[in-house]
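> I'll drop the sequence and a predicted model, then ask my questions.
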Amino acid sequence: MNFEQLVRYTLEYGNQLRYYHWQTSSYAQHEALGEFYNGLSTKIDGLVESWQGRNGNIKVDQGSVELVDYSDVDAVIESAENLRDAYEQFKEKISHGDIQNQIDEVVELINHTIYLLKLK
Ligand SMILES: [Fe+2]
């Protein structure tokens, strides 16, 4: 996945998170997913702007991600793990520490959210 694909994936994953946030019947999950959405929105904004400061403006990636209804918390956790995998794989392809640090912050947010989602 290149950077533009990762950005699109993240933006579309944000839309998926909104549905999960709205559709879950668990108040704890509702709150955790709302915080996840807000945190991810802030972090992707900072990441893209830092990236563009170094590499110039990105283009829109023309891929798409299918949105699904909330089924259970395990599916939400799996979706978060998939996003984490994409960030970790992308991090291996780049060398600048500032961008790597911002990627680490996204991974940290994802792991914190997964922790909250696993609480009973
Ligand atoms: Fe909300």
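The structure has been received and is ready for your questions. Numbering: from 1, shown residues only.
> dump the residue contacts of the most far-flung residue of the chain relative to its centre.
Of all residues in the chain, residue 120 has its C-alpha farthest from the mean position, at 23.0 Å, by C-alpha atoms, centre = their mean. Residues counted as contacts of residue 120 (C-beta atoms under 8 Å, 6 or more residues apart in numbering): none. C-beta coordinates here come from the backbone N, C-alpha and C atoms, glycine included.
> how near is it to residue 21?
Noted for residue 120: a distance of 19 Å to residue 21, by C-beta to C-beta, to the nearest Å.
> next one: residue 101
Taken as C-beta to C-beta, the span from residue 101 to residue 21 is 27 Å.
> residue 10 too?
Between residue 10 and residue 21 the computed distance is 16 Å (C-beta to C-beta).
> and the pLDDT for the spatially closest residue to residue 67 that is not a sequence neighbour?
Using C-beta to C-beta, 6 or more residues apart in numbering and skipping the chain neighbours, the partner closest in space to residue 67 is residue 16 (5.4 Å). We have a pLDDT of 97 for residue 16.
> likewise residue 37?
If you check residue 37, the pLDDT there is 98.
> just give the closest residue to it, not the sequence neighbours.
Nearest one to residue 37, counting by C-beta to C-beta, 6+ apart, is residue 17 at 4.5 Å.
> mind listing what the one you found touches?
Going by C-beta under 8 Å, 6+ apart, residue 17 touches 33, 36-37, 40.
> cheers, nothing more for now.
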